[in-house]
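J.: Any chance you can model this:
(2 chains)
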Amino acid sequence: MSFAREASRAVRSTLVLWVLTAIIYPFGMIGIGQLVFPFQANGSIITNTQGQPVGSALIGQPFTSDRYFNSRPSTTSYSTADPKKDEAKVLRTGVSGASNLAPSNPALIDRIKGKADPNPEKEIEGVIPRLQKAGVKPTADLVYTSGSSLDPHITPEGARAQIARVAKARGLQPNQLENLVNQNTDERSLGIFGEPGVNVLKLNLALDAFKPA
Amino acid sequence: MLQGWIQIAMTLLILVAITPFLGRYMARVFQEQRTIFDPILNPVERLLYSLVGVRTREDMTGWQYARAILYSNVVMGLLIFSIITLQQFLPLNPTGIPAPTWDTALHTTISFITNTNQQHYSGETYLSYASQMWGLGYHMFTSAATGIAVGIAFIRGLTGRPLGNFYVDLIRAITRVLLPISIAGAIVLIAAGVPETLAGPVVVPTLEDPAISQAIARGPVAHFEIIKELGENGGGFFAINSAHPFENPNGWVNLIQLVAILSIPTSLIYTYGIYANNLKQAWLVYSIPLAILVVFIIITAIGEYNGNPAVNALLGVDQAPNLEGKEVRFGWAQSALYAVITTASMCGAVNSLHDSFMPNGGFSTLSNMFLQIVFGGQGTGTAYLFAYLILAVFVTGLMVGRTPEFFGRKIEKREVVLASFLILLVHPIAILIPGAIALAFPDQLSGISNPGFHGLSQVIYEYASAAANNGSGFEGLGDSQPSPIAIAGGAATTTTALWWNLSTCFSLLAGRYVPIVALLLLADSMSRKQPVPATTGTLRTDTGLFTGVTIGVILILGALEFFPVLALGPIAEAFQIARGIG
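T.: Residues are numbered from 1 along each chain as shown, chains lettered A, B, ... in the order given. From the prediction side, this is the model:
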């Protein structure tokens, strides 16, 4: 077989398969997604009563105050930035990332335990001392950073450990919060696969909307 | 803990249960027998064949088949490289991303034509939707279909048939295997929450502090996601791959991904059984990678379940799972399972960060990529497995003093040379030599981010992932240039990233094309041999004893050459952690 014929087949197969798998297939799927599942296909965006987007049902947000259930530590602060000082241009694209710290890396222990240093800039507060100061018993999920830095969940144990603090800050009864936590827990898929998790954004939205009877 | 093991066992059971169905279906597809898609696909394929200019009954020799792969892959590579470097002039770029550096574009191109998909890029900040859909997404089909074609041609040769026609196999692998499953899978993924949109990111004020905003990256993810897993590609739409809640929102999607990753390489062994008309042998061969897979899953899962003793001491408990780099919805069990399956199968997608795994995980994932046959790459994994079988036949033949035969075909010098040198020796060369160079210049080249023994693992992992065409990484490694947006803002490129982009290209190409050519030549020479009738003196290859010997050959040939690296990397790190960090 001549070189020209082989080269021609290579070029023609490349283009024909490109039209099939890179044009027809993705645009067909986008069409189906937009027509049949518009909510999921556009990122499961939650809106408030005025119709403004407030977040995604699948993406976590940073929560560190006593009035809210806190989310997991995140290496990108949940893809957030101050719009006035966004030098890294996080808000232009959105980001995701992880610490990639090895279990044997002393920096992991310093981050969790904290590290005193004569230079205040080099001092690390430590996740566990911060949780203990807030009166929360540390759990693994509240101490380790997540894979995506956008984890929407904390474990049910991690949520229950925070009930007393949130109840005190908001003047609510702990058993009322217990109900809210249960209502916003995503169970294992089919009851078997994955682990149960409390959706922190949804829980805190419910908390803001909650009116004690 | 029991709940976690049940999840793992159920997933493996589902995988084994679908093997006969998909294996039988693929055999029908490539033997050109009737299937349910014929009324739609026969006319479509006739059109495709005429556009490409092939006739179905035109068999190729091993060299012709290999040349067709090389020519088509070069053209496909040029196309994707052009799309990536011209992305700022193309549509579907809602965030206005300029072109990445030339070395990032080159590495990404080569990594995608070789079915590897290493991420020295981050989807959100390096690539437009056009680059993802028209460049990367396209290669996810063609590189996977190329692998399947090699696997099928190898099976044909091994069972004494002509090798077939590459273009016919390439097209049929896409139209009858990859595309129908992807369409069904993409729709299920969208319903389960995976986005599929051309709209750009959403920016919202955060609930706790409205002065701070959150950017939620989106895109046409679902169609990309399913072929990423099914084709064992593994390159994420987002930086953080299947750990991202939009790529993998719940346990149900995670299950679909795991099954999609392993379904084709497992089923191809069954397809071999149908071609060889010996399903007993197929199941015996199947049991080899399955057994190794189960052992690695157990090793990894125990490590993640028990967690990091130094952190457990701070938490004041004896046991807490190691959740660093893991998502709550997956926990220790699904994360460990995913890590082992993705490195076993050369997919390379990750739902948790392997760099942060306990040393048990590093040991298992590295070993998977050293062996390459724990079901292995799309098509090529099955072929490697049979290359080991041929070597086992040779070794046992020497032990009992008989001419080695595999299914009535004599194994001679040419076959042993191809199997041992080209297929098995290329792998350590492509990993250990560049690895040694990088480690010799720790400051200039290596980009290690974790100190001590783990740093060695980071370097070796990257080359093992490249040479095995896996694509996962110990991602702390400094192997990425700054994003095009950061470079436009004044960030400087680094020589470390340049080294990684270029040196892994060597491992990617050597790990892909040298073995593929050798496998096709091996299949060609097997197909031309006169069958020798079996006698009572013939060494049977479909017995439990022979299967056991094969496992021994695999462990001796495949694992021992890498054992020093494992000893200095994850094993040493495990001792370090047991002694106490610091």
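J.: in chain A, what residue is nearest chain B?
T.: Closest contact between chain A and chain B, by Cβ to the nearest Cβ, is at A:Gly194 (2.4 Å). (Each C-beta comes from the backbone N, C-alpha and C, glycine too.)
J.: Next, count neighbours for the nearest residue to B:Thr35 once chain neighbours are set aside.
T.: Of all residues not flanking B:Thr35 in the chain, B:Arg28 sits nearest, at 5.3 Å (Cβ to Cβ, 6 or more residues apart in numbering or on different chains). As a burial measure, B:Arg28 scores 16 neighbours (other Cβ atoms under 10 Å in any protein chain shown).
J.: and stretch B:450-462, does that touch chain A?
T.: Yes. Applying Cβ under 8 Å from any Cβ of the partner chain, one finds stretch B:450-462 in contact with chain A at B:450-454.
J.: Ramachandran coordinates for the residue nearest to B:Thr35?
T.: Main-chain torsions, B:Arg28, degrees, to the nearest 10: phi -60, psi -40.
J.: Would you mark the buried spots in stretch B:34-53?
T.: B:37, B:41, B:45, B:48-49, B:52 (16 or more other Cβ atoms under 10 Å in any protein chain shown).
J.: Near the closest residue to chain A within the stretch 151-300 of chain B, how many other residues are there?
T.: Nearest to chain A in the stretch 151-300 of chain B, going by Cβ to the nearest Cβ, is B:Gly251, at a distance of 2.4 Å. For B:Gly251, the neighbour count with other Cβ under 10 Å is 25.
J.: got the contact list for it?
T.: Neighbouring residues of B:Gly251 by Cβ atoms under 8 Å, 6 or more residues apart in numbering or on different chains: A:188-190, A:192-195, B:329-330, B:334.
J.: now with 7 Å?
T.: Contacts for B:Gly251 (Cβ atoms under 7 Å, 6 or more residues apart in numbering or on different chains) come out as A:188-189, A:193-194, B:329, B:334.
J.: show me the contacts for B:Trp332.
T.: Counted by Cβ under 7 Å, 6+ apart, B:Trp332 has contacts B:4, B:301, B:304-305, B:321-322.
J.: Give me the helices and strands touching the helix-or-strand element of chain B with minimal mean pLDDT, please.
T.: Of all regular secondary-structure elements in chain B, judged by mean pLDDT, DSSP states H and E, the least confident is strand B:405-406 with a mean of 83. Secondary-structure packing of strand B:405-406 (3 or more Cβ pairs under 7 Å, 6 or more residues apart in numbering or on different chains; DSSP states H and E): helix B:380-400.
J.: Buried residues, the helix it packs on. List them.
T.: For helix B:380-400, a neighbour-count test (16+ other Cβ under 10 Å) marks B:380-397 as buried.
J.: in chain A, which spans are helices?
T.: Listed in chain order, the helices of chain A (DSSP state H) span A:3-18, A:25-36, A:38-41, A:90-93, A:106-113, A:127-133, A:140-143, A:156-170, A:174-183, A:200-209.
J.: got CSV for the ones you listed, with distance to chain B and mean neighbour count too?
T.: Shown next, in CSV, are those (distance: least, Cβ to the nearest Cβ, whole Å; neighbours: other Cβ atoms under 10 Å in any protein chain shown):
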stretch, distance to chain B, mean neighbour count
helix A:3-18, 4, 17
helix A:25-36, 3, 18
helix A:38-41, 5, 18
helix A:90-93, 5, 21
helix A:106-113, 5, 19
helix A:127-133, 6, 16
helix A:140-143, 4, 26
helix A:156-170, 8, 19
helix A:174-183, 14, 15
helix A:200-209, 6, 20
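J.: Stretch B:80-88 near chain A anywhere?
T.: No. Stretch B:80-88 does not reach chain A (Cβ under 7 Å from any Cβ of the partner chain); its nearest approach is 9.2 Å.
J.: residues making contact with that stretch?
T.: For stretch B:80-88, contacts defined as Cβ under 7 Å, 6+ apart pick out B:90, B:93, B:97-100, B:105-106, B:108-109, B:112, B:127-128, B:130-131, B:134-135, B:138-139.
J.: surely B:Ala191 meets A:Phe39?
T.: No. Assessed by Cβ atoms under 7 Å, B:Ala191 is found out of contact with A:Phe39, at 10.2 Å.
J.: residues in contact with residue 173?
T.: No chain specified, so I'll use chain A. With contacts defined as Cβ under 7 Å, 6+ apart, the neighbours of A:Gln173 are A:Ala167.
J.: was after chain B, sorry
T.: The contact partners of B:Ala173, by Cβ under 7 Å, 6+ apart, come to B:145, B:148-149.
J.: Which residue comes closest to it once chain neighbours are left out?
T.: Nearest non-adjacent residue to B:Ala173, counting by Cβ to Cβ, 6+ apart: B:Ala145, 3.8 Å away.
J.: ok, the one you found - how many residues close by?
T.: The local packing of B:Ala145 (other Cβ under 10 Å) involves 26 other residues.
J.: Can you check what angle separates the longest helix along chain B from helix B:380-400?
T.: Secondary structure assigned by DSSP H gives helix B:495-527 as the longest helix of chain B. Helix B:495-527 and helix B:380-400 meet at an angle of 60 degrees, taking axes from the mean of the first three to the mean of the last three Cα atoms, to 10 degrees as the criterion.
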